[in-house]
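Participant: Build the 3D model from these lines:
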Amino acid sequence: MATASELLQLHFDTFVNDPERWKTLIADDLVWELPFAPTLGHPARLVGRDAVLAHVGWFVGAVENFRFFDLKIYPGANPSEASAEIKAKGLIKTTGRVYQQDYVLFVRVENDNLAFIREYFDPVRAAIALDAPIPALAG
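Facilitator: Residues are numbered from 1 along each chain as shown. Okay, the predicted model is just below:
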């Protein structure tokens, strides 16, 4: 049985570099919460494989040479839970701007798959790199 820490490591190892393998890590009913994404006009919650893969496909398609680094994984008190801090960097294809981000993720594993992810990131950094408006600031 895979622990959350192990699957979190695999998540970062395969998300960009081996997307077909990454797809095997996620549950069909995965819930991926992105509490700050609505600031950019994106959903705060993705439910199910199709919704997750559509969003992930958009992101991976928008960024080139995306890489994660400085990963720190924190096992939870229960082996089915873990959290992580990680940095990332890539180039936004449409703007030519560098996207640098710090992420914090909390995950829960069920039946050897990622069943829940909560991801925090700085939406202002994303908006600047994407040259995107921040709907939450429009008024």
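
Participant: Which residue lies nearest the spatial centre of this protein?
Facilitator: Glu119 (6.0 Å; CA atoms, centre = their mean).

Participant: element containing that one?
Facilitator: Using DSSP states H and E, the element containing Glu119 is strand 113-120.

Participant: Check the offset of the host helix or strand of Ala54 from the chain's centre.
Facilitator: Following DSSP H and E, the helix or strand that holds Ala54 is helix 49-62. Its chain's C-alpha centre and that of helix 49-62 lie 10 Å apart, by CA atoms, centre = their mean, to the nearest Å.

Participant: how near is Glu64 to Thr39?
Facilitator: According to CB to CB, to the nearest Å, Glu64 and Thr39 sit 24 Å apart. To be clear about C-beta, it is placed using only N, CA and C from the backbone, and glycine gets the same treatment.

Participant: helix or strand for Ala77, which one?
Facilitator: Going by DSSP H and E, Ala77 is not in any helix or strand.

Participant: where do the strands sit along the chain?
Facilitator: Secondary structure of the chain (DSSP state E): strands located at 26-33, 45-47, 63-75, 81-92, 98-110, 113-120.

Participant: Let's have these in TSV, adding distance to Asp13.
Facilitator: TSV is the format used below for the strands of the chain (distance: least, CB to CB, whole Å):
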stretch	distance to Asp13
strand 26-33	14
strand 45-47	21
strand 63-75	9
strand 81-92	11
strand 98-110	14
strand 113-120	13
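
Participant: closest one to Pro133 among the ones you listed?
Facilitator: Nearest of these to Pro133, taken as CB to CB: strand 81-92 at 14.9 Å.

Participant: Which elements pack onto the closest one?
Facilitator: helix 4-14, strand 63-75, strand 98-110 (3 or more CB pairs under 8 Å, 6 or more residues apart in numbering; DSSP states H and E).

Participant: so where's this protein shaky on pLDDT?
Facilitator: Low-confidence segments of the chain, defined by pLDDT under 70: 135-139.

Participant: One more pass at 80, please.
Facilitator: For the chain, the stretches with pLDDT under 80 are 133-139.

Participant: pretty sure Trp22 is touching Leu30, no?
Facilitator: No: with contact defined as CB atoms under 8 Å, Trp22 does not count as touching Leu30 (11.6 Å).
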